[in-house]
Each structure stands twice: as C-alpha cells, then as structure tokens.
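1. Provided below for reference: sequence and predicted model.
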Amino acid sequence: MKVESHSVPNALLEALKAVLGNKLHTNPTEMLLYRYDAIAQGPAPVAVVIAETTQDVANTLKLCNAYKIPVVPRGGSSGLSGGAVPVGACIMVATNKMTKLEVDEFSRTATVQPGVITDAISVKAKSVGLYYPPDPASSRQSTIGGNIAENAGGPQCLKKGVTGDYVLELEFVTSDGEIRRMNREGLDIPGVIIGSEGTLAFVTQAILKLEPIPKFTRTAFAVFSDLGQAGRAVALITARGLTPAKLELMDQNSIRAVEQFLHMGLPIDAEAILVCDCDGDDEAVVNLEIESAAEAFREAGATQVKLAADALEAAQLWKARRSVSPALGNIRPNRFNEDIVVPRSTLEPAMREMQEIAKRYPFPFAIFGHAGDGNLHPNILFNRTTDNIEQVDEFAHEIARVALRHGGVLSGEHGIGLMKRGFMTEATPRATLEAYWRVKHAFDPNGIMNPGKLLPDLGGATVVKPERVALGERDFDLTT
C-alpha cells in the first residue's frame with residue numbers, strides 16, 4: 001500500500017467545495033490552527049472540512065479516496081500522541097459540530113455523534129440517575145470520537161473499564177465513502193475500529209452503555225516514605241480481592257510540584273501518595289471495602305492514612321492528584337507525557353528504573369498515574385525553545401523500553417499515534433505488525449485513513465513519510 005506525499009489537486013478541492021459549500025475551509029492562516037494536538041505539531045493541512053453530518057464525512061472520504069489524498073480526523077485536539085496531527089498534504093475532517101446527543105433512560109444508552117464532549121454525556125444522563133463511566137482527565141475537552149479512536153480510559157478504568165467496554169454499536173464511514181452500522185455481535189468489527197486511531201474508518205455515531213450512578217463513595221488517602229511501600233500497598237489491595245473505583249499514585253516529584261503550586265501542606269519528603277475510592281450501592285459494603293484498603297495501606301507501611309468523612313473532604317483529598325498536570329506545567333512550558341503500562345507486581349522496580357534513567361538527563365521528571373491497573377504517566381518536563389529535543393525523544397524511548405522489559409505495553413490510553421510509532425517495531429513482533437497491515441489494507445486499500453500513525457513502516461513504501469513532527473509549542477492541562 002502506498003500513499004504519495006504530494007499536493008492536493010485543485011480538482012479535488014473544487015469537487016469538495018461543490019458538495020460541501022462553506023463547510024470546506026482553505027484559508028492558509030486558518031489552516032495553521034489545525035497543526036496541533038496537545039503535545040505535537042505537524043504541517044498545516046491543505047483544507048479542513050467542518051463536518052456536520054455523516055453524509056458530509058462520506059462525501060469527503062469518497063472524493064479523497066478517488067484522488068488518493070490522505071484524510072486526518074480531528075475532535076477536541078486533546079490527544080497526547082500526535083494522532084490528530086496532519087502529515088504531508090492532507091484534508092482534515094473536524095467533528096466539532098457533530099454534537100447530537102440523546103439519552104434513553106429505559107435502555108440505559110446514549111446515542112452520540114463524535115464531536116460530543118465526553119463530560120456532556122454524564123451531565124445529560126445525570127437527570128435520570130445515569131452516567132458514563134470512562135473518565136479521561138481531558139473529559140471536559142476531549143470528544144467521544146477521539147475517546148473511541150484511542151480507547152481512552154481514566155482513573156475509573158480499574159473497576160469500570162475503558163471506552164471500548166461501553167460501545168454497543170458504531171456507525172462509521174469506510175475509506176470509499178460507504179456508511180456502515182454494526183453492533184458487537186458476531187465478527188466484532190466495531191472492536192477492531194475502537195483503538196485504531198482513525199486508521200481504519202471514520203466513526204460518525206456511537207451507541208454507548210450507561211450505568212446507574214453509585215449511591216455511595218468513600219475515599220482514602222495514604223502517604224508513604226518509600227516508593228516500594230506504595231507498590232506493595234497496590235499489590236495487597238489486589239490480593240485482598242478489592243477492586244477500587246480509583247487507585248491513583250503520585251511520586252515525590254509530583255507531590256513537590258503540587259505543593260509548590262498550591263501550598264496545600266503536602267508531605268514533600270514522602271516518596272509516594274496513593275488516593276483510593278471505593279463505591280457501590282450498599283453503604284455497609286463500601287465502608288468495609290474502604291476500611292480494608294486503608295488497612296492494606298497501613299500494612300504496607302504508610303506513615304499516614306486518612307479516610308474522608310464526607311464528599312467535601314473527599315474532594316480535598318483528591319485535589320492534589322487532580323492538580324498534578326497544571327502543577328507540572330508551572331515548572332516547564334512543555335511536557336512529554338508517557339503512558340506506559342506494567343504489571344502491578346512490577347510497579348516499584350519499573351518506577352525505580354525510570355528514576356535512575358532520569359538522573360542521566362537534564363530534565364525535571366515526575367511519575368503519576370492509575371496505579372490500580374499499572375498505567376503510569378511518566379512526565380518529561382522541558383522547554384522546546386532552549387532544550388535539546390532529541391534528548392527528550394531519547395529519554396522517552398528509554399522509558400518505553402522500561403515498560404517492555406517489565407512485561408508491559410507502550411500505551412494504556414493515549415494511543416501510539418506519531419509519538420510512539422517508532423517504538424512499535426521493538427514492542428510488537430514483525431509477524432503481528434504484518435497482520436495489522438493486512439487489516440489496514442482490507443479496510444483502507446488506498447491508505448488514505450490517517451496515514452503515518454500507529455503502524456510503523458516495515459521497510460516498504462507503506463505509509464506517508466511525514467515531515468518532522470515537533471513536540472508542541474504549547475502546554476495544555478489535558479494530561480491524565
């Protein structure tokens with residue numbers, strides 16, 4: 001499969017204009033706004049389609065496929081892997097106006113277009129006692145289309161699952177402009193599309209499963225003088241058969257960054273903090289679970305354990321964890337936010353190894369994340385105008401190798417995109433990558449769907465050769 005990186009023919013732009021009218025934008029200055037996601041930047045697209053309907057997407061793909069011109073989908077641009085960044089000469093399709101949202105309290109479902117903001121689903125469903133559990137920290141900015149593309153998770157993924165666990169049905173447009181609608185029965189085609197980062201098809205609608213809002217939630221907060229103790233606490237909670245709704249970790253550098261930012265009185269000499277939520281509909285069971293989690297913290301060696309008395313106090317205990325991203329952004333203007341996953345049994349050695357690697361680089365470094373399922377977010381802090389960006393890339397690659405050495409994977413929820421595409425040949429056997437390419441070819445014979453993302457070049461002319469994609473000039477409080 002070959003996609004040439006050449007200019008977009010005027011004939012294609014004229015054809016798009018004829019069917020889309022003022023939904024097609026080509027102003028060069030306006031195109032500069034579409035170069036970015038939250039971490040990376042690429043060349044400006046040649047044109048942007050502000051789609052409003054599934055038919056707009058279908059018309060665009062049909063024409064672009066005929067001319068073999070790449071199409072890049074874009075939602076809230078809150079991605080952290082360069083997945084929505086243009087490569088070469090392309091047409092971008094933005095979904096920000098595809099925002100239809102309907103909640104059915106009887107079937108406990110939400111029918112959504114891809115441009116719906118993630119948080120909006122739970123906001124609308126709350127009036128009938130329902131909510132949408134996947135909760136990426138970018139949920140106030142990210143769109144459900146992007147969540148589906150990356151199979152996004154969040155702090156609740158340990159107990160509640162990730163985006164793919166809630167998708168019941170997808171409407172999508174194939175590269176040739178055909179509109180399809182499929183559920184998860186039989187050959188699970190939606191399951192293949194979920195997490196494929198827009199490289200197979202363009203999702204235009206989803207039916208999502210909703211759940212009743214838990215009646216009771218309890219929160220515990222624990223401080224550890226040793227990173228290993230926090231790792232053991234996570235293992236003990238698992239061994240006790242507990243499945244918290246959330247179990248989040250901050251390392252010492254994260255703690256210090258938040259304290260410097262907010263002056264909350266956090267223990268800056270501590271090596272780790274864990275914050276845990278247990279929830280459910282039986283208050284007695286929830287209380288027993290949070291007490292058992294607190295006991296696991298104490299048994300692992302916590303120097304301080306605090307149980308929230310009410311929702312207000314719980315919010316205060318969570319404030320530190322929620323403030324990590326802006327606190328780190330206050331130290332350096334740019335961040336490379338990694339997204340590795342390691343087995344919970346190897347949390348401590350993996351974190352220790354990353355801390356040792358960090359000593360060889362001149363960049364501030366912090367680790368936080370979803371400890372309950374081993375999903376860590378090591379953050380490299382830098383200034384792209386003064387720091388050596390190649391060193392940042394090298395550092396990130398070393399962190400990726402830590403995950404692989406410990407039996408983990410490159411991404412838990414941010415996706416591979418452009419930023420980790422180069423690591424895929426180390427993480428995945430060649431035979432598996434070749435199988436991925438066969439799937440890609442079956443869905444997208446002309447290679448127009450978000451090329452240059454996710455799948456590495458295996459030596460042939462299989463993908464667009466993108467221009468150098470730089471780490472973003474701006475920093476957004478969108479990291480998980």
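-> Received it, and whenever you're ready, just let me know what you need. Computed from a predicted model, the values in this text were never measured in an experiment.

2. List the buried residues in stretch 416-434.
-> Using 16 or more other C-beta atoms under 10 Å as the burial criterion, the residues of stretch 416-434 that qualify are 416, 417, 418, 419, 420, 421, 423, 424, 427, 428, 433. Heads up, the C-betas are built off the backbone N, CA and C, glycines and all.

3. do the same with stretch 355-368
-> 355, 357, 358, 361, 363, 364, 365, 366, 367, 368.

4. how long is stretch 112-132 end to end?
-> Across stretch 112-132, the terminal residues are separated by 12 Å (C-alpha to C-alpha, to the nearest Å).

5. before we move on, back to that, which ones among the buried residues of stretch 355-368 lie within strands?
-> For these, the ones inside strands are 365, 366, 367, 368, with DSSP state E as the criterion.

6. Can you tell me which residue sits nearest the middle of the protein?
-> Among the residues of the chain, the one closest to the centroid is residue 414, at 3.0 Å (C-alpha atoms, centre = their mean).

7. re the thing from before, among the buried residues of stretch 416-434, which one sits closest to residue 389?
-> Residue 389 has its nearest neighbour among the buried residues of stretch 416-434 in residue 419, at 12.2 Å by C-beta to C-beta.

8. how close does the closest one get to residue 444?
-> For residue 419, the distance to residue 444 equals 22 Å [C-beta to C-beta, to the nearest Å].

9. How about residue 387?
-> Using C-beta to C-beta, which is the criterion applied here, residue 387 is 37 Å from residue 444.

10. Equivalent analysis for residue 53, please.
-> Noted for residue 53: a distance of 22 Å to residue 444, by C-beta to C-beta.

11. Neighbour count: these two, which is higher?
-> Each of residue 53 and residue 444 had its neighbours counted (other C-beta atoms under 10 Å), and the higher figure belongs to residue 444 (23 against 14).

12. I'd guessed the more buried one sits against residue 200; true?
-> Yes. Under the criterion of C-beta atoms under 8 Å, residue 444 makes contact with residue 200 at 6.2 Å.

13. quick one on the thing from earlier: any chance of the ones in strands among the buried residues of stretch 355-368 in TSV, plus pLDDT and distance to residue 127?
-> Formatted as TSV, these follow (pLDDT from 0 to 100; distance: C-beta to C-beta, whole Å):
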residue	pLDDT	distance to residue 127
365	97	44
366	97	39
367	96	39
368	95	33
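
14. follow-up on the earlier one: from the buried residues of stretch 416-434, which is closest to residue 401?
-> Proximity of these to residue 401, judged by C-beta to C-beta, is greatest for residue 423, which lies at 8.1 Å.

15. List the residues that contact that closest one.
-> Contacts for residue 423 were tallied using C-beta atoms under 8 Å, 6 or more residues apart in numbering; they are 397, 400, 410, 416.

16. Distance to residue 205 and secondary structure added to those residues, as CSV?
-> Formatted as CSV, these follow (distance: C-beta to C-beta, whole Å; DSSP: H, G, I helix; E, B strand; the rest coil):
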residue, distance to residue 205, secondary structure
397, 38, helix
400, 34, helix
410, 29, coil
416, 25, coil
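
17. for the stretch 301-450 of the chain, what are the low-confidence residue spans?
-> Counting by pLDDT under 70, the stretch 301-450 of the chain contains no low-confidence residues.

18. Please, where are all the helices along it?
-> Defined through DSSP state H, counting those that start in this stretch, the helices belonging to the stretch 301-450 of the chain, from first to last, are 311-322, 324-329, 347-358, 389-405, 424-427, 430-443.

19. So for residue 156, which of these sits nearest?
-> The minimum distance between residue 156 and the helices of the stretch 301-450 of the chain falls on helix 311-322, with 12.5 Å, by C-beta to C-beta.

20. Tell me which other helices or strands the closest one touches.
-> For helix 311-322, the helices and strands in contact under the criterion 3 or more C-beta pairs under 8 Å, 6 or more residues apart in numbering; DSSP states H and E are strand 216-224, strand 246-251, helix 252-262, strand 272-280.
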